[in-house]
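In: Predicted model, plus sequence, below.
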Amino acid sequence: MAKREKAAFAVGTRFDGLPDALLDWYGRHARTLPWRIGPGERGRGIVPDPYRVWLAEIMLQQTTVPHAAGYFETFTRTWPTVEALASAADEDVMAAWAGLGYYARARNLLKCAREVAARGDWPRTEAGLRELPGIGPYTAGAVAALAFNRRSAAVDGNVDRVFARLLATQGEWKDEKRRIAHIVRDLVPEDRPGEFAEALMDLGATVCTPKRPNCLICPIRTWCTAYAEGEPERYPVKPAKKAKPVRYGEVYIVRGASGVAVETRPPQGLLGGMLGLPTTDWREDGAAARLDWIGDAQEIGEVKHVFTHFELRLKVVAVNAEGVVPSHYELREEEGVAGALPSVFKKALKLAS
């Protein structure tokens with residue numbers, strides 16, 4: 001028996017009626033978001049712009065809707081089409097992305113836009129979308145469903161949480177996530193896959209929240225085992241998170257008559273291609289040596305920043321730029337630089353202000 005058949009058999013009649021109940025609720029309570037068309041508009045022949053759908057999905061990875069919305073408006077105003085974005089200068093896009101975090105997304109954003117522009121159009125299938133840079137299983141499923149109304153499953157953390165509660169999952173989380181993905185795929189209605197995906201996203205974001213889920217207004221609580229148990233917040237049951245390692249270093253606020261010293265970081269690696277302040281290596285042993293060209297300096301405090309895989313603690317050091325500054329740094333007006341810096345460097349510059 002094929003995997004697809006196994007998944008369908010596993011679902012059986014357990015969730016009969018759930019998609020209809022969820023879609024009815026979505027029709028009344030859908031969020032208004034700048035990258036969305038409204039509920040029911042697909043039925044009137046209105047087609048979402050795949051560029052806007054894709055851009056929003058990339059921005060929303062590890063980012064909240066309120067935080068991403070302003071960036072989305074800026075990007076679509078500056079680069080209204082995928083072709084416009086493909087033609088943009090790398091440094092302009094990286095500067096516009098500053099503050100959204102996870103900067104590999106911005107580099108892949110440009111690669112993907114340029115490949116789509118070179119192809120002349122977007123792939124219409126989940127498999128075709130997976131071939132593009134920076135598009136993984138969730139994003140491919142989301143874009144296929146939302147932009148092209150394909151019967152694809154868009155399973156993110158919100159959807160995992162909803163179904164972990166519906167099922168009251170008890171097994172290994174990796175196995176349960178695979179099980180959830182199969183079940184969601186089987187439940188996607190043939191005629192409204194895009195709205196079904198959006199409905200699940202909205203349910204997880206507004207009702208079935210990580211803390212204090214509002215079960216009394218949940219349209220699918222009839223099917224929810226965790227609600228019947230009276231302990232929805234118990235789920236999903238995940239393995240304990242490992243403590244993040246801590247790395248240490250120094251960051252330098254080098255001021256001269258014409259501004260503050262900055263550099264464009266190497267294209268590969270953490271914060272690659274972004275504008276940055278001079279900094280030492282970031283090491284777990286805390287033994288990073290001060291840059292050899294740093295002269296008269298004063299330590300003014302420390303900033304902390306959490307990345308995906310580690311926590312960073314940087315001593316902030318103020319430096320007078322009258323000494324020799326290596327040629328790959330440039331002095332730029334401080335007010336203009338601040339908006340283009342990643343968050344960790346913004347924190348340091350603010351501390352030194």
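Out: Everything's here; your move.
In: Quick check: chain neighbours aside, which residue is closest to A140?
Out: Once flanking residues are discounted, A140 sits nearest to L129: 4.0 Å by Cβ to Cβ, 6 or more residues apart in numbering. In this view, the C-beta of every residue, glycine as well, is placed from N, C-alpha and C.
In: Tell me the buried residues in the host helix or strand of the one you found?
Out: In the assignment (DSSP states H and E), L129 maps to helix 126-130. Neighbour-count burial for helix 126-130, counted by 16 or more other Cβ atoms under 10 Å, picks out 126, 129.
In: what's the offset of that helix from the middle of its chain?
Out: Helix 126-130 sits 19 Å away from the centroid of its parent chain (Cα atoms, centre = their mean, to the nearest Å).
In: Output it in PDB, but only the C-alpha positions, please.
Out: Output of helix 126-130 as PDB, limited to C-alpha atoms (Å, rounded to 0.1, in the frame of the first residue of the first chain):
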ATOM      1  CA  GLU A 126       4.700  22.000  -5.200                       C
ATOM      2  CA  ALA A 127       7.500  19.900  -6.700                       C
ATOM      3  CA  GLY A 128       8.500  22.700  -9.100                       C
ATOM      4  CA  LEU A 129       8.600  25.300  -6.400                       C
ATOM      5  CA  ARG A 130      10.800  23.100  -4.300                       C
END
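In: which residues touch it?
Out: Identification of contacts with helix 126-130 by Cβ atoms under 8 Å, 6 or more residues apart in numbering yields 122-123, 135-137, 139-141, 143-144, 150, 152.
In: Now the element after that helix, going C-ward?
Out: Once helix 126-130 ends, the next helix or strand along the chain (criterion: DSSP H and E) is helix 137-148.
In: which other helices and strands contact that next one?
Out: helix 50-59, helix 126-130, helix 193-206 (3 or more Cβ pairs under 8 Å, 6 or more residues apart in numbering; DSSP states H and E).
In: Would you tell me which of the ones you listed gets closest to T280?
Out: Across the helices and strands packed on helix 137-148, T280 has its closest neighbour in helix 50-59 (30.9 Å, Cβ to Cβ).
In: Next, the angle from that closest one to helix 193-206.
Out: If you take axes from the mean of the first three to the mean of the last three Cα atoms, to 10 degrees, helix 50-59 sits at 30 degrees to helix 193-206.
In: Now do helix 50-59, average pLDDT.
Out: For helix 50-59, the mean per-residue pLDDT is 97.
In: Kindly calculate the angle that the next helix or strand after it makes with helix 193-206.
Out: Note on helix 50-59: by DSSP H and E, the next helix or strand toward the C-terminus is helix 65-78. Put simply, helix 65-78 runs at 130 degrees to helix 193-206, going by the same axes, to 10 degrees.
In: Counting neighbours, show which residues of helix 65-78 come out buried.
Out: So for helix 65-78, counting by 16+ other Cβ under 10 Å, buried means 65, 68-69, 71-72, 75-76.
In: Closest one of these to C215?
Out: Nearest to C215 among the buried residues of helix 65-78, counting by Cβ to Cβ, is V65 at 22.1 Å.
In: And the closest one, what's its pLDDT?
Out: For V65, the model assigns a pLDDT of 93.
In: and what of K6?
Out: 39.
In: and L331, what are its phi and psi?
Out: Per-residue torsions, L331: phi -90, psi 120 (degrees, to the nearest 10).
In: ok, now the one 3 residues further on?
Out: Main-chain torsions, E334, degrees, to the nearest 10: phi -60, psi -40.
In: could you list every residue that touches the nearest residue to it once chain neighbours are set aside?
Out: Nearest residue to E334 in three dimensions, chain neighbours excluded: V260, at 4.7 Å (Cβ to Cβ, 6+ apart). With contact set as Cβ under 8 Å, 6+ apart, V260 has these partners: 253-254, 277, 331-332, 334, 337, 349.
In: quick one: secondary structure of V260?
Out: Secondary structure state of V260, per DSSP: H, G, I helix; E, B strand; the rest coil, is strand.
In: Dig out what it forms beta bridges with.
Out: For V260, the beta-bridge partners under DSSP bridges are R255, R332.
In: can you pull the pLDDT of K3?
Out: 37.
In: coming back round to it: can I get the contacts of helix 126-130 in JSON lines including neighbour count?
Out: Formatted as JSON lines, the contacts of helix 126-130 follow (neighbours: other Cβ atoms under 10 Å):
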{"residue": "W122", "neighbour count": "20"}
{"residue": "P123", "neighbour count": "20"}
{"residue": "I135", "neighbour count": "22"}
{"residue": "G136", "neighbour count": "10"}
{"residue": "P137", "neighbour count": "15"}
{"residue": "T139", "neighbour count": "23"}
{"residue": "A140", "neighbour count": "24"}
{"residue": "G141", "neighbour count": "27"}
{"residue": "V143", "neighbour count": "29"}
{"residue": "A144", "neighbour count": "29"}
{"residue": "R150", "neighbour count": "18"}
{"residue": "S152", "neighbour count": "25"}
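In: out of the residues you listed, who's nearest H309?
Out: Of the contacts of helix 126-130, the one sitting nearest to H309 (Cβ to Cβ) turns out to be G136, at 17.4 Å.
In: do you know how far the spatially closest residue to the closest one that is not a sequence neighbour is from A140?
Out: Excluding its sequence neighbours, the residue lying closest to G136 (Cβ to Cβ, 6+ apart) is R130, at 7.5 Å. According to Cβ to Cβ, to the nearest Å, R130 and A140 sit 5 Å apart.
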